[in-house]
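Colleague: no sequence on hand, only this structure:
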């Protein structure tokens with residue numbers, strides 16, 4: 001990655017982190033976004049505990065993928081850094097990771113319930129329920145807790161990259177959501193969508209669950225994803 005591309009990545013990670021409070025996904029500093037530079041073997045992440053309104057590009061921390069050491073930055077990286085690193089190492093196609101404590105997604109995580117597919121809004125992005133992990137053991141909490149938080153997500157998905165692409169998010173039991181995507185921006189957008197469908201699901205379940213037809217859900221997912229996708233338009237200037 002060139003110096004210009006690395007600078008662009010830092011700007012993208014900053015902007016994605018600033019969108020967390022702007023989109024209502026976090027209280028105080030409860031959330032973080034990272035973006036990876038695979039060529040350089042590093043990722044850029046929010047520093048720990050820095051309020052969003054004070055966050056600058058210079059505050060961001062660059063961390064090595066191989067061993068988690070800080071290679072750029074004077075602040076401590078997010079306490080969730082090892083979780084991000086675990087996900088990056090398990091799924092090479094991931095370009096960005098977002099973690100929040102958004103209210104409705106956390107409600108499902110705390111109840112240890114997957115977010116069910118109850119309509120087309122969910123199916124537009126997630127090809128199936130958003131799953132919930134097993135509870136971490138006392139041993140996993142006592143040592144390398146943040147790494148094991150990522151590992152239970154990897155185990156939940158059986159390390160299957162195609163599955164991670166089809167359902168780009170998971171709930172860590174009693175904790176909250178992690179989402180990912182091809183870029184830092186995409187991972188943040190998936191967090192926004194996940195919170196929205198979690199809220200819709202809670203309202204729907206309160207009224208009485210009705211199973212939607214699978215063919216309708218499949219149609220909504222495939223019109224946005226895969227070789228037959230036709231939703232949206234090319235970016236300006238694209239061929």
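Modeller: Looks like it came in fine. Note that this is a predicted model, so its numbers are computed, not measured.
Colleague: what about the strands in the protein?
Modeller: 31-37, 42-45, 61-64, 70-72, 96-100, 169-172, 176-181 (DSSP state E).
Colleague: go through those strands and pick out the most buried.
Modeller: Using mean count of other C-beta atoms under 10 Å, the stretch among the strands of the chain with the largest mean neighbour count is strand 96-100, at a mean of 29. No exception for glycine: its C-beta is placed from N, CA and C like everyone else's.
Colleague: show me what that strand is packed up against.
Modeller: When contacts are defined as 3 or more C-beta pairs under 8 Å, 6 or more residues apart in numbering; DSSP states H and E, strand 96-100 packs onto helix 3-22, strand 31-37, helix 81-90, strand 176-181, helix 184-207.
Colleague: now these in TSV, with distance to residue 134?
Modeller: Written out in TSV, the entries for these read as follows (distance: least, C-beta to C-beta, whole Å):
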stretch	distance to residue 134
helix 3-22	27
strand 31-37	23
helix 81-90	15
strand 176-181	15
helix 184-207	20
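Colleague: including distance to residue 149 and mean pLDDT, could the ones you listed go into CSV?
Modeller: As requested, these are exported to CSV (distance: least, C-beta to C-beta, whole Å; pLDDT from 0 to 100):
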stretch, distance to residue 149, mean pLDDT
helix 3-22, 19, 92
strand 31-37, 13, 97
helix 81-90, 5, 98
strand 176-181, 8, 98
helix 184-207, 16, 97
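Colleague: out of the ones you listed, which is closest to residue 148?
Modeller: Proximity of the helices and strands packed on strand 96-100 to residue 148 was assessed by C-beta to C-beta; the nearest stretch is helix 81-90, lying at 8.3 Å.
Colleague: circling back to that earlier point, which one of the strands of the chain lies nearest to residue 121?
Modeller: Closest among these, once you apply C-beta to C-beta, is strand 169-172, at 14.2 Å.
Colleague: next one: the closest one to chain centre, how far?
Modeller: Taking C-alpha atoms, centre = their mean, to the nearest Å, one finds strand 169-172 lying 8 Å from the centre of the chain it belongs to.
Colleague: swap in stretch 100-110?
Modeller: Averaged over its C-alpha atoms, stretch 100-110 has a centre that lies 13 Å from its chain's centre (C-alpha atoms, centre = their mean).
Colleague: give me the buried positions along it.
Modeller: Applying a neighbour-count criterion of 16 or more other C-beta atoms under 10 Å, one finds 100-109 buried in stretch 100-110.
Colleague: ok, residue 102 touching residue 171?
Modeller: No. Contact between residue 102 and residue 171 fails when scored by C-beta atoms under 8 Å: they sit 10.8 Å apart.
Colleague: okay, and the common contacts of these two?
Modeller: When contacts are counted by C-beta atoms under 8 Å, 6 or more residues apart in numbering, residue 102 and residue 171 are jointly contacted by residue 177.
Colleague: residue 56: what's it in contact with?
Modeller: Residue 56 touches residue 14, counting by C-beta under 8 Å, 6+ apart.
Colleague: any idea how far residue 73 is from it?
Modeller: 11 Å (C-beta to C-beta, to the nearest Å).
Colleague: how far away is the closest residue to residue 199 other than its chain neighbours from residue 113?
Modeller: Beyond its immediate neighbours in the sequence, the residue positioned closest to residue 199 (C-beta to C-beta, 6 or more residues apart in numbering) is residue 104, lying 4.1 Å away. If you measure residue 104 against residue 113 using C-beta to C-beta, the figure is 12 Å.
Colleague: name the nearest residue to residue 145, sequence neighbours excluded.
Modeller: Distances taken as C-beta to C-beta, 6+ apart place residue 136 nearest to residue 145, at 7.4 Å, with adjacent residues excluded.
Colleague: what's the neighbour count on the one you found?
Modeller: Residue 136 sits with 18 neighbouring residues when counted by other C-beta atoms under 10 Å.
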